[in-house]
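K.L.:
sequence first, then the predicted structure, then my questions.
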Amino acid sequence: MSTDKIRIKVAILEPNDPSDVTEIIGSGKVDMGCKAMIHTTGKPSDYTAVRCGMNISRASKKALLMPGSAWRTSDVRARRVVQDSRSAFSDVKMLRIDELAELGCCCFCSILYIGNENFLATRKKEAAAFMRAVKRAADDMFADPKAAWAAYCDFKPVLNTPLNEKIYERSFTYMSRDCANVPRDWNKVTSYSKRLGIVSDDFNPNMTNEFLSWPLVDEVADPIENQKRIARRQMQIAMNGGVLCGR
């Protein structure tokens, strides 16, 4: 190995409560990691909140809740449930929060790479090395989606199921080629959160592209039209298959 490369230790942790990821990293027990952030709001009189972890599909199937906030993966699982019960495929629908809130972006479920402040301030080279590793993996995935999925299943065989294949295909559309934060999306979500009173008016989003050393993809000229394009693509994949089918 050349001397300019930095070794980083990687471990896969699966906490029972995904919300624990932020605390684990923020407390310094882990330097960096990734998680999904789902933001919901409403007056207490508007709904009865039911916490069911990440398995929205199972909770819906058992009638523990009616609507739920989740990733696209839960939509795929829910469609499998209705198919198994011989119900119509159209009985399940994902309501996109970007459409409901007229945001022009859908980043409430984005996978965030996060690090505790002390580590990012004192170990910048290691943070940059972590992101280079993420980018290298992303490049491999886009270059050969089938091989990437096969390698993933070889590493974690429990995910090698027809259902997870569909989830991978449906999630692929959202994958980022440059692994970068999009300022436009952060600004829109921050403004939306301020309007709802979730954060104060002087709140600034805590994000950076400081640790990315490669050229970034230009922002799309028409984000609303781009979201419509993605929605059409998702429907095509749902009906006909996606990257694992060569489409």
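P.N.:
Looks like it arrived, so ask away. Just so it is clear, the model here is predicted, and its values are computed rather than measured.
K.L.:
helix, strand or coil for Ile6?
P.N.:
What DSSP: H, G, I helix; E, B strand; the rest coil gives for Ile6 is coil.
K.L.:
and the residue nearest to it when sequence neighbours are not counted, how far from Leu212?
P.N.:
Leaving aside its chain neighbours, Ile6 sits nearest to Ala129 (4.1 Å; criterion: C-beta to C-beta, 6 or more residues apart in numbering). Just so you know, the C-beta spots here come from the backbone N, C-alpha and C atoms, and that holds for glycine as well. According to C-beta to C-beta, to the nearest Å, Ala129 and Leu212 sit 12 Å apart.
K.L.:
next: Glu169.
P.N.:
Counting by C-beta to C-beta - Glu169 and Leu212 are separated by 27 Å.
K.L.:
neighbour-wise, which of these two wins?
P.N.:
Legend: neighbour count by other C-beta atoms under 10 Å for Glu169 and Leu212, higher for Glu169 (21 against 17).
K.L.:
give the contact list for the more buried one.
P.N.:
Residues in contact with Glu169, defined by C-beta atoms under 8 Å, 6 or more residues apart in numbering, are 237, 241-245.
K.L.:
burial of Ala148, as a residue count?
P.N.:
Neighbours around Ala148, by other C-beta under 10 Å: 19.
K.L.:
and the closest residue in space to it that isn't next to it in sequence, what helix or strand is that in?
P.N.:
Distance criterion C-beta to C-beta, 6+ apart; nearest residue to Ala148, sequence neighbours excluded, is Met141 at 4.0 Å. In the assignment (DSSP states H and E), Met141 maps to helix 124-143.
K.L.:
what residues of that helix count as buried?
P.N.:
Buried residues in helix 124-143, defined by neighbour count with 16 or more other C-beta atoms under 10 Å: 126-127, 129-132, 134-135, 138, 141.
K.L.:
now for that helix, which elements pack on it?
P.N.:
Using 3 or more C-beta pairs under 8 Å, 6 or more residues apart in numbering; DSSP states H and E, the elements in contact with helix 124-143 are strand 111-115, helix 117-122, helix 145-155.
K.L.:
grab the nearest non-local neighbour of Asn187.
P.N.:
Closest to Asn187 by C-beta to C-beta, 6+ apart is Pro205, at 7.5 Å.
K.L.:
list the helices and strands the helix or strand containing Arg232 packs on?
P.N.:
Assigned by DSSP H and E, Arg232 falls within helix 223-240. Helix 223-240 sits against helix 162-172, with contacts defined as 3+ C-beta pairs under 8 Å, 6+ apart.
K.L.:
would you agree Ala129 is in contact with Val10?
P.N.:
No. Using C-beta atoms under 8 Å, Ala129 is not in contact with Val10, being 10.9 Å away.
K.L.:
from Ala148, how far out is Asn164?
P.N.:
Applying C-beta to C-beta to Asn164 and Ala148 gives a distance of 13 Å.
K.L.:
again, but for Ile237
P.N.:
Taking C-beta to C-beta, one finds Ile237 at 17 Å from Ala148.
K.L.:
domain map for this protein?
P.N.:
Domain assignment of the chain by automatic domain parsing yields the ranges 19-37+110-122, 38-109+123-245.
K.L.:
so for Ala138, what's the nearest residue that isn't a sequence neighbour?
P.N.:
Leaving out its chain neighbours, the residue that sits closest to Ala138 by C-beta to C-beta, 6+ apart is Cys179, at 5.7 Å.
K.L.:
for the one you found, which three-state class applies?
P.N.:
The three-state label given to Cys179 by three-state DSSP is coil.
K.L.:
mind listing what the residue lying closest to Pro145 once chain neighbours are set aside touches?
P.N.:
Counting by C-beta to C-beta, 6+ apart, Val243 is the residue found nearest to Pro145 once chain neighbours are left out, at 3.9 Å. Taking C-beta under 8 Å, 6+ apart, we find Val243 in contact with 145-146, 168-169, 172.
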